[in-house]
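Asks: need a 3D model of the sequence below.
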Amino acid sequence: MTQRGVAHCRTMNPVTESEHYFSARPSSAATDRVVEFTAGGVDLRLDASAGVFSSSRLDPGTAVLLRKAPLPSGDGEYLDLGCGYGPITVTLARVSTGRVTAVDVNDRALELVRRNADSNDVGDRVTAVLPDEAPKDRVYDEIWSNPPIRIGKDALHVLLLEWLPRLAHGGVAWLVVARHKGADSLASWLGTHGFTAVKHASQKGYRVLRVTRAADRASEDPHS
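Replies: Below you'll find the predicted structure:
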């Protein structure tokens, strides 16, 4: 098995991935792939396919996020925003006893998440849905995301302002963003929109941001 946080991929039918990973219905033929990696001391083997984000390997940013952010261990409601084929989703479900909601706009990705959850014996605690299918009133103890930077800054801001307010009181979001793709400016922007974003860790050009509600911090300050 590979070293922790490093993925090895066996590609069964290699193809060129020309589609953006945020296509709702990829037009390329589904091509079976297997991605293997270790996270939180758990060995994982996941199915992937063409037309899904980083289907040939564990994305380096995701690897940094799973290596550097503290993985949950107990009960809770967790969200994987932009789940792809499910490396974060399945990891969270395997290392904890909580429930994980996996959200993506890509139908093929959601099918893979369901398959991977079942094959890793966590299918009863994983729900994979399109954004509009997620309950509007559900709040999450933790939100995890390797956010889709390629959709553009404005669209990314809209996405985050839609989902980060669903953090439960005292909840935390863990985001990974490449430094050269605006991690520091994103942290500053979040600070102007009701959140506190601090750099938790850095590795291989990526920042892991710990994001909380600014109101939560203020309510804990007896002098506020």
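Asks: give me the secondary structure label for Thr89.
Replies: Of the three states, Thr89 takes helix under DSSP: H, G, I helix; E, B strand; the rest coil.
Asks: going forward, count from 48.
Replies: With the count now opening at 48, the last piece we talked about shows up as Thr136.
Asks: show me the contacts for it.
Replies: Applying CB atoms under 8 Å, 6 or more residues apart in numbering, we find Thr136 in contact with Asp127, Cys130, Val147, Ala149, Val160, Asn163, Ala164, Val173, Ala175. C-betas here are computed from N, CA, C, even on glycine.
Asks: residue closest to the middle of the protein?
Replies: Among the residues of the chain, the one closest to the centroid is Ser192, at 3.1 Å (CA atoms, centre = their mean).
Asks: spatially nearest residue to that residue, not counting backbone neighbours?
Replies: Spatial nearest neighbour of Ser192, chain neighbours left out: Leu128 (4.0 Å); criterion: CB to CB, 6 or more residues apart in numbering.
Asks: beta partners of that neighbour?
Replies: When assigned by DSSP bridges, Leu128 has beta-bridge partners Val150.
Asks: tell me who's in contact with it.
Replies: Neighbours of Leu128 in contact, by CB under 8 Å, 6+ apart: Val150, Ile190, Trp191, Ser192, Pro194, Leu206, Trp210.
Asks: now Arg213
Replies: Arg213 makes contact with Leu126, Arg185, Val186, Tyr187, Ile190, according to CB under 8 Å, 6+ apart.
Asks: state the number of residues packed around the third one.
Replies: One way to gauge burial is a neighbour count; for Val186, by other CB atoms under 10 Å, it gives 14.
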